[in-house]
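K.L.:
Give me the fold of what follows.
(chains A and B)
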Amino acid sequence: MVTTGSAPDFDERQFEALYHEHFGFLVAVAMHKFRVPESDAETLAHEVFLSYLKDPNHVIDLKKWLLGAICHASRYYWRVNNRMPPEAATELERIDPATVNILESLPNQIAAREALECLSPRYQEILRLRFFEGLSVPELAARLGVKKKYAAKLLTKCLRRAETLYVRKGRRRLRRR
Amino acid sequence: MSEKVVTFERARRRPDPARVAEFAETARRLQREREESADVVARVLRETPPEEWPRLATRTDLRNSGALNRLEAEVSALLEKEPRHALLLSDLAASIAETLPPDSYPAVVLAQLRAHAWKDRAQALAYIGRYPEALEALDRAEQQLAFGSLTHDRAIVRYVRALTLQKVNRFEESRELLAECSGVFRDHGDSNRYLFCAIAEGIQLYREKAFQRAYETFAPLVEVARELSDAISEARIQNNLGYCAVELGDFRMANIHLSQAMARFIDAGKRMEAIRTERASGRLLVGKGAVADGIRRLRDARRLFLMHGMYEEAGLCGLDIVEALLPESPQEAKALAADVSEEFTNGGFNERAHDALAYLRKAFDENQASAEIVRHVQAYIASLATNPALEFVAL
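P.N.:
Have a look, this model is predicted:
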């Protein structure tokens, strides 16, 4: 790993190696620590690499410099995007389109209950809160004590799991007949 | 619990090959331009009179990142010695940076090049006292930095803004900026600039006459500078500690710190800085009533200025001594004023300086010489460096 500002002596492969070595780390920091969407996190990481090239000789500890740069870049990202822009908030509220059909496919509440019965108690509780009690995603997140984005992910996961188990249950029934 | 665990897919994440290629290509190109431009810039500047520097912006061999980096270093080196030349050079750099085609470098790199050119221009303007223009140039610099990844560059620009704001007594704004910059430099592991911020905070306290707090701010920084092997910063910190000690009335400590500052400047090969420190400390000691100590330091400084052929600074230092001698040894002061006048005449300096010194000699001849007249003449001669056409006006 390069820890001193010796960039002017690199050859091209070393530049590439440097990029490959730190890229995943920078994107992971932007995504998981600052919740920057993946494609934007990759752009931020790329810009951090490019900005490093201006004065590599003055970078004493490359890893620390890159980490500082990506953290500040991520904060700046949210500052510019007004911390939580309306689109992002909508995004958190929005259910994965792939899962909307699941609800439509459930002919009535009985079917939904049947689907629910296939799930673990925790998953049942999540879907019940969302679809029977009508909690919004932020309200659900607050109830579960998790972040909004994680609640939205969890919801999608529950719906997919319900779909899988419900379809499997239906097939078993058909086989029995 | 496992649902809350975020998988760390570092190993599996692959960067876009086009971006890797852009990075490698940019890196290679910047490296090549740095290597190629080092000699070119030095030669071109040597062969061109300073007043014609801004016209070099159309030269193709200067229109690249390497030349701009080199010019940035040259501006920095000239700031202390020849601030007007630094300004001419920063004009050249800003012209080049602003007229580089938008697709000549990746947008982030181009933004950095432009921002640093404007920052250098701001520094040069601030050095010659054109603060409003310096602040405008800093606005231009910051406008370029509309990328999240350029926080470090933004902090460099804001650090210069903080120093400029100190000069116009906007201390609160300066303090806020320094705190912000300090955090950014710390997060990037930029220990040198982190130290500069701490020094600037100490200087601000000194300007606000909080001498004890300024001393306490500077004191731990000596060790930090030593750890960074930054002899120049260490010298400046010792110098500042010396100034604080004088203000606090502790002349023994002041002497220790100022002597340390001189020694460190000499270690760092900054002989001129060392002599200037000697002169400044002499003036300070005289001002605080330690006249004998102060005159001794001023005489040493003047001797060294003359030894290095720096007649203008030797003359100004001579006038410091004239003022200090005036109350107790007017005849000695008169003789020294005559010496200084002669040095200026022989040195071929600005004719207007002769008028001012002739006015001083006349005042001595008529027994009208006073500290006020000496200071007036000295301030006028010093101002000729930045305003050579200024007319002398008698008191």
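
K.L.:
Scan chain A for its longest helix.
P.N.:
Determined from DSSP state H, the single longest helix within chain A is helix A:148-176.

K.L.:
which helices and strands sit right next to that one?
P.N.:
When contacts are defined as 3 or more CB pairs under 8 Å, 6 or more residues apart in numbering or on different chains; DSSP states H and E, helix A:148-176 packs onto helix A:86-93, helix A:97-105, helix A:109-117, helix A:121-127, helix A:137-144. C-beta here means a position set from N, CA and C on the backbone, and glycine is covered the same way.

K.L.:
looking at those helices, which has the lowest confidence?
P.N.:
Mean pLDDT is lowest for helix A:97-105 among the helices and strands packed on helix A:148-176, at a mean of 44.

K.L.:
Check the offset of the helix or strand hosting residue B:165 from the chain's centre.
P.N.:
Here residue B:165 sits within helix B:151-167, counting by DSSP states H and E. Centre-to-centre, helix B:151-167 and its host chain are 13 Å apart (CA atoms, centre = their mean, to the nearest Å).

K.L.:
Give me the contact status of that helix with chain A.
P.N.:
Yes - using CB under 8 Å from any CB of the partner chain, we find that helix B:151-167 touches chain A at B:151, B:152, B:153.

K.L.:
Of those residues, which is the most crowded?
P.N.:
The residue in the residues of helix B:151-167 next to chain A with the most neighbours, by other CB atoms under 10 Å in any protein chain shown, is residue B:152 (28 neighbours).

K.L.:
quick one: contacts for that one?
P.N.:
A:51, A:65, A:68, A:69, A:72, B:184, B:185, B:188, B:190 (CB atoms under 8 Å, 6 or more residues apart in numbering or on different chains).

K.L.:
Which strands and helices lie in contact with the helix or strand where the first one lies?
P.N.:
When secondary structure is defined using DSSP H and E, the element that contains residue A:51 is helix A:38-52. Counting contacts by 3+ CB pairs under 8 Å, 6+ apart, helix A:38-52 is packed against helix A:12-28, helix A:62-80, helix B:17-47, helix B:107-127.

K.L.:
what's the angle between the second one and helix A:38-52?
P.N.:
Interaxial angle, helix A:62-80 versus helix A:38-52 (axes from the mean of the first three to the mean of the last three CA atoms, to 10 degrees): 130 degrees.

K.L.:
Show me which residues of helix A:62-80 are buried.
P.N.:
Across helix A:62-80, burial judged by 16 or more other CB atoms under 10 Å in any protein chain shown covers A:62, A:64-74, A:76-78.

K.L.:
Can you tell me which of these are also in contact with chain B?
P.N.:
A:64, A:65, A:67, A:68, A:69, A:70, A:71, A:72, A:73, A:74, A:76, A:77.

K.L.:
Taking the contacts of residue B:152 together, which two end up most distant?
P.N.:
A:51 and B:185 (14.9 Å; CB to CB).

K.L.:
Of these two, which one has the most company?
P.N.:
A direct count of neighbours by other CB under 10 Å for residue A:51 and residue B:185 places residue A:51 higher, at 26 against 23.

K.L.:
The residue nearest to the more buried one when sequence neighbours are not counted: what's it in contact with?
P.N.:
Distance criterion CB to CB, 6 or more residues apart in numbering or on different chains; nearest residue to residue A:51, sequence neighbours excluded, is residue B:149 at 4.7 Å. Taking CB under 8 Å, 6+ apart, we find residue B:149 in contact with A:44, A:47, A:48, A:50, A:51, A:69, A:70, A:73, B:108.

K.L.:
And the lowest mean pLDDT element among the helices and strands of the chain?
P.N.:
Here I'm looking at chain A. Least confident helix or strand, chain A: helix A:97-105 with a mean of 44, by mean pLDDT, DSSP states H and E.

K.L.:
not what I meant, chain B
P.N.:
That would be, for chain B by mean pLDDT, DSSP H and E, helix B:271-287 at a mean of 87.

K.L.:
Can you list the neighbours in contact with that helix?
P.N.:
B:80-81, B:232, B:235, B:239, B:242-243, B:246, B:251, B:254, B:258, B:261-262, B:265-266, B:291, B:293-298, B:300-302, B:304-305, B:308, B:310, B:313, B:317, B:320, B:323-324.

K.L.:
swap in stretch B:348-357?
P.N.:
Stretch B:348-357 has contacts (CB under 8 Å, 6+ apart) with B:311-312, B:337, B:340-341, B:344-345, B:377, B:380-381, B:384, B:388, B:390-392.

K.L.:
for stretch B:370-386, same thing?
P.N.:
With contact meaning CB under 8 Å, 6+ apart, stretch B:370-386 is reached by B:83-84, B:128-129, B:312, B:315-316, B:319-320, B:322-323, B:326-327, B:337, B:344, B:350, B:352-353, B:356-357, B:359-360, B:363, B:390, B:392, B:395.

K.L.:
just the buried members of the residues you listed?
P.N.:
Listed as buried from the contacts of stretch B:370-386 are B:83-84, B:128, B:312, B:315-316, B:319-320, B:322-323, B:326, B:337, B:344, B:350, B:352-353, B:356-357, B:359-360, B:363, B:392; burial here means 16+ other CB under 10 Å.

K.L.:
Check the burial of residue A:158 by counting its neighbours.
P.N.:
22.

K.L.:
do the same with residue B:273
P.N.:
20.

K.L.:
State the pLDDT value of residue B:7.
P.N.:
At residue B:7, the pLDDT value in this model is 44.

K.L.:
what about chain A, any weak spots by pLDDT?
P.N.:
Within chain A, the stretches with pLDDT under 70 are A:1-12, A:82-113, A:173-177.

K.L.:
Give me the domain ranges for it.
P.N.:
Listed by automatic domain parsing, the domain ranges of chain A are A:7-83, A:87-176.

K.L.:
Of all those domains, which one is nearest residue B:170?
P.N.:
Nearest of the domains of chain A (CB to CB): domain A:7-83, 24.0 Å.

K.L.:
How about residue B:34: what's its closest non-neighbour residue?
P.N.:
residue B:66 (4.3 Å).

K.L.:
wait, isn't the one you found in contact with residue B:30?
P.N.:
Yes - applying CB atoms under 8 Å, one finds residue B:66 in contact with residue B:30, separated by 7.1 Å.

K.L.:
OK, contacts around residue 64?
P.N.:
I'll assume chain A. B:188, B:189.

K.L.:
right idea, wrong chain: chain B
P.N.:
So residue B:64 contacts B:33, B:36, B:37 (CB under 8 Å, 6+ apart).

K.L.:
Need the residues that contact stretch A:30-38.
P.N.:
For stretch A:30-38, the surrounding residues in contact (CB under 8 Å, 6+ apart) are A:27, A:40-41, A:44-45, A:70-71, A:73-75, A:77-78, A:147, A:149, B:6, B:8.

K.L.:
Write out the residues of the stretch 101-250 of chain B neighbouring chain A.
P.N.:
So the stretch 101-250 of chain B meets chain A at B:106, B:108-109, B:112-113, B:116, B:147-153, B:184, B:187-192 (CB under 8 Å from any CB).

K.L.:
what's the most buried one of the helices and strands packed on helix A:38-52?
P.N.:
helix B:107-127 (a mean of 24; mean count of other CB atoms under 10 Å in any protein chain shown).

K.L.:
after that helix, next one along is what?
P.N.:
Downstream of helix B:107-127 (by DSSP H and E), the next one is helix B:131-144.

K.L.:
now that next one and helix B:151-167, what's the angle there?
P.N.:
Going by the same axes, to 10 degrees, helix B:131-144 makes 170 degrees with helix B:151-167.

K.L.:
Identify each buried residue in helix B:131-144, please.
P.N.:
B:131, B:133, B:134, B:135, B:137, B:138, B:140, B:141, B:142, B:144.

K.L.:
ok, those residues vs residue B:123, which is closest?
P.N.:
Distances from residue B:123 to those, taken by CB to CB, are shortest for residue B:134, at 7.4 Å.

K.L.:
My read is that the closest one contacts residue B:164, right?
P.N.:
Yes - if you go by CB under 8 Å, residue B:134 and residue B:164 touch, sitting 5.1 Å apart.

K.L.:
All good on my end, thank you.
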